[in-house]
Structures are given as C-alpha cells and as structure tokens.
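Enquirer: Mind looking at a prediction? Sequence and model below.
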Amino acid sequence: MTAPSSRRRRRLRAALVAVLAAATLGTGVLAPATADDLEDQRRAAEERQRANQGALEDIQADIHETDTALAQAEAELANIQAQIPGAIAALQAAEDELARLQREAALIAERLVVAEDEEASISSQIDTDADRADDIRVAIGQMARDAYKGDMAASTLSAVLDARTTEEFVQQSELASTALRAQTQALRDLEQLNGVNRNRQARLTAVREEIVVLKAEADAKVVEAEQARAAAEAAKVALEELQAAEQQRVAAIEAKRAEQMAKQAELAAQQRQLESDLQAIIARQEEERRRQEEERRRLEEERRRAAEEAARNNQPAPPPVAAPPSTDTSGSSPLSWPSPMNPPYITSSYGWRLHPVLGYRRLHAGTDFRAYCGTPIISAGDGKVEWAYMRGGYGNQVMINHGYHNGQSLMTSYNHLSSFAVRSGQWVSRGQVVGYSGTTGTSTACHLHFEVYVNGGTVDPMNWLP
C-alpha cells in the first residue's frame, strides 16, 4: 500500500494555507479571519514546512545512503579489478614454471632412457664377451690337458714328422706355436675388455641411479608446479567470480537508484499536477467568494435604499434580506467512514513509514482501510466530485470537495480504485458509492487509501472521522 504524497506538494501546502483559509465554496459567505485564526494558520504552515523539510532531508539521506553504497561497491569492484592483472601474471608465471620443469623432466627422462639403453647394451656385450672367453678358456684348457697327457707334443711331433721338407717342418711348427699364442692373447684381451666393460657398467649403473633420483625430483617439482598453477588458476577464477558478483551488486544498486529517482520524478510530476488542480479549485472558490461578497453588498445596498425610501415615505423599513446560505458547516464529525465494512479495519495509519514499494521512508499521507477487491467505496460526506480518473501512482482516484467546515476547506480523495461509480462535476451525498476497491497505481494489494485535505494539505483522517 502506498502514500500518495511527495515533496513538491508539501512545499506548496504552506503557501496554499493562507489562500484556502480565505476562500469559500458554492454560495457560502466566510467571515473575516481573526488574528488568532491567522496565527493558527501561520503555525500550521510552519509545521508543514518543518514536516516538508524533514521529508526532504529523509529522502536526501536515503539517496545519500544509496550513493554511499554505490561508491563503496564501485571501490570494492575497482580493488578486485586491480588484483586481477596480478593474478593473471601469477598464473602465467606458474604456467611458465610448470612448462620449464616439464621440459627439464622430459630431458631427464630422455637421459634416463639413453643410460638404460647403454647399460643394457654393455650388459649384452659383457655377456657375449663372457661367452667367447668361456669358449677360449675351454679350448685353452683342452690344449693344456692335451699337453699334460702328451697329446700336444705328439701332435706337434706328428706335424714335424709329416713334413716333407725342412722348410715345411719349420712352418708347421711355427703355426702350432702361433695358434697357441693367439689363443692365449685372445683370452687376455677378452679378460681385459671384460674388465673394462664391467667398469663401464658400474659407472652407468651409478649414473642411471643418479638420473632416477633426478627424475624423481623433477617429477616432484612438476607436481608442485601443477599445484601452484592450479592454485593460481583458482585465485584468478575466485577474483573473476568476485568481480562478476560485485558488478552485479553495482548494477543492482544503480538500478535501485535509477528506480528511486524515476519514481521520485514521477511522483513529483503527479504532485505538480495535483497542486495545479487544487490551485484551480482554490481560484474558483476565491472567485465565488468575491461573487458572494458582491452579492452581499448589493443586497445591503438595496436594503439601505429601501429603508431610506421608507423613511421618506414615513413607512416601516422592509425586513432584512436573507443572505445566501453558507456551505460552512460545523459539528463534531463532518465526515463518516468511507468503507461500508463494519467495523472498519485499518491496515496502515497516517504518518512516516518505510514505503513497501519504493523502499525508502516517506510520509504516508492517508489511512489505509482493508477493502477486498471490488468492495464498494462510499463518499465520506456531501460534496462535488472534482475529478475521477487515473492519476499515476494514486491509481484511479476520486477527489471530492466538501466545501468548508469551521472556516476550513475540506476535501477527501479515494485512491487505487478498480473502477468509478461517479464522474467529474457530479454532486454526491454522504454514503453514496463513488467506486470500487482495487490495486491500481503504486500499490501491492486491493485496499482503500483515503486522504483528507484541510486547506490544501493532508491531515490525519482519523481526526475527522467518527
């Protein structure tokens, strides 16, 4: 539910008080205001000025809070955005370090493969040379056994005896000795090579073991680098998520502020129109007051002339001419309940509150009555319908002019109606249906928002109801 008042209307109320206090409606005559009346009106105007200033300060404070929240959010967003390049650089450095360590690990792995291949090749060569050495040892052993048994000498002697010539004898003897020496030398060479290969194998084994250690360390560094890169990536993602969240927060605050400013401008425009309409009404009332004053003077002049004529003719003076009836009423309760619900149920009273739609504190310039959708809404008193049409945030509004009560201009409005039962310019009586409850305009549910205007300014309706 909403309170259809704004700052611009309240600023004009103080200025309207003096004019409204001196105005009349219909054919009534308003007695001149006393000094006490004017003082009361002045105090009332000052009170409205203070209320208006308080409302203005309250709204400005709300806007200031929104601006402060927006500035804080933008500062936090800027701080987050300032950290993102560093996070990106840290991630890039982590990725570069990971790539470097991965390359080193790959090179060490290649060295390990080469070392393992060389070690395997030498092991194979050692095995081959060992087999050859074993064969030579077997042959030499056989030669040694043959020599021990005399077979070697017999064989040599046979070779000598079988020679046909001395030269052939010498040649065969040398061949036999050479063969023995060659086998013996081959065995020595194999044993020496075998020793060299075993030394190489031992060194390669040591190198391979060292490479295995280096590879394990390199792999561990790669794992650490991957963890560092993952941490840097997580930090970057976290900052980006914070940035996105803060951007959404900034956008939400900006949207809220834009909505508040737009609604404020809309209500101000509506209020200017309302003030213009009220001023037009006041102008008509002032014109009517002047007409009645002229009529009163004319009647008094006619009575004076008639009295003079009667005196000249020695006749009794004519009775006083009755003045036109006045619309100024008095009594304890000039208005009745605007809702047929018995008893009436009030859902929100007149006064300052947090607006349920706009979201900031402002004056709730009327009383809200429970009225389910389609409930008949009745006029609180006799009067003239000044207008009955859609008025922005007020929704469908009926404004009724009740004339004057105890020298004060009195009007009522019925807001958020779903439909009308009267039209502009129509005269209505107390209790007559003027429309049906709804939720048009700035409203959250079907209800009646009822306002009372005294001398152009809203007052607590409860002070004017039974």
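Expert: That came in fine, so what should we check first? Residues are numbered from 1 along each chain as shown.

Enquirer: Could you tell me the phi and psi values at Y350?
Expert: Dihedral angles of Y350 (phi, psi; degrees, to the nearest 10) stand at phi -70, psi 140.

Enquirer: Please report the number of neighbouring residues for it.
Expert: Residues within reach of Y350, counting by other CB atoms under 10 Å, total 22. No exception for glycine: its C-beta is placed from N, CA and C like everyone else's.

Enquirer: cool, M341 as well?
Expert: M341 has 16 nearby residues by other CB under 10 Å.

Enquirer: How is it assigned, secondary-structure-wise?
Expert: Using DSSP: H, G, I helix; E, B strand; the rest coil, the structure places M341 in coil.

Enquirer: Equivalent analysis for G381, please.
Expert: G381 - assigned by three-state DSSP - is coil.

Enquirer: thought it was touching Q432?
Expert: No: with contacts counted by CB atoms under 8 Å, G381 stays clear of Q432, the gap being 10.0 Å.

Enquirer: Show me which of these two is the more surrounded one.
Expert: When G381 and Q432 are compared for neighbours, G381 comes out ahead with 22 against 15, by other CB under 10 Å.

Enquirer: residues touching the more buried one, list them.
Expert: By CB atoms under 8 Å, 6 or more residues apart in numbering, G381 lies in contact with 334-336, 400, 402, 410, 412, 430.

Enquirer: One more: R198?
Expert: So, once contact is read as CB under 8 Å, 6+ apart, R198 ends up touching I126.

Enquirer: I'd like to know how far it sits from R132.
Expert: Look at R198 and R132: by CB to CB, to the nearest Å, they are 15 Å apart.

Enquirer: hang on, V452 packs against L410?
Expert: Yes: taking CB under 8 Å as the definition, V452 is a contact partner of L410 at 7.4 Å.

Enquirer: shared neighbours, those two?
Expert: By CB under 8 Å, 6+ apart, the residues touching both V452 and L410 are 335, 464.

Enquirer: hang on, the earlier thing: with distance to A106, pLDDT and neighbour count as added columns, please give the contacts of G381 in TSV.
Expert: Below are the contacts of G381 laid out as TSV (distance: CB to CB, whole Å; pLDDT from 0 to 100; neighbours: other CB atoms under 10 Å):
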residue	distance to A106	pLDDT	neighbour count
P334	98	82	21
L335	94	93	21
S336	96	93	14
I400	92	95	27
H402	96	93	25
L410	95	92	27
T412	90	96	23
R430	98	95	14
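
Enquirer: Let me have the residues you listed in a markdown table, extended by secondary structure and distance to V212.
Expert: Conversion of the contacts of G381 to a markdown table gives the following (DSSP: H, G, I helix; E, B strand; the rest coil; distance: CB to CB, whole Å):
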| residue | secondary structure | distance to V212 |
| --- | --- | --- |
| P334 | coil | 106 |
| L335 | coil | 101 |
| S336 | coil | 103 |
| I400 | strand | 101 |
| H402 | strand | 104 |
| L410 | strand | 103 |
| T412 | strand | 98 |
| R430 | coil | 106 |
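
Enquirer: Let me know the closest of these to V138.
Expert: Of all the contacts of G381, T412 has the smallest distance to V138: 134.2 Å, by CB to CB.

Enquirer: which residue ranges form the helices in the stretch 1-150 of the chain?
Expert: 7-21, 35-149 (DSSP state H, counting those that start in this stretch).

Enquirer: rank those by mean pLDDT and give me the bottom one.
Expert: The weakest mean pLDDT among the helices of the stretch 1-150 of the chain belongs to helix 7-21, with a mean of 38.

Enquirer: buried residues in stretch 69-80?
Expert: 69-70, 73-74, 76-77, 80 (16 or more other CB atoms under 10 Å).

Enquirer: For it, give me every contacting residue.
Expert: So stretch 69-80 is contacted by 239, 242-243, 246-247, 249-250, 253-254, 257 (CB under 8 Å, 6+ apart).

Enquirer: what mean pLDDT does the longest helix along the chain have?
Expert: In the chain, assigned by DSSP state H, the helix with the most residues is helix 166-312. Averaging pLDDT along helix 166-312 gives 78.
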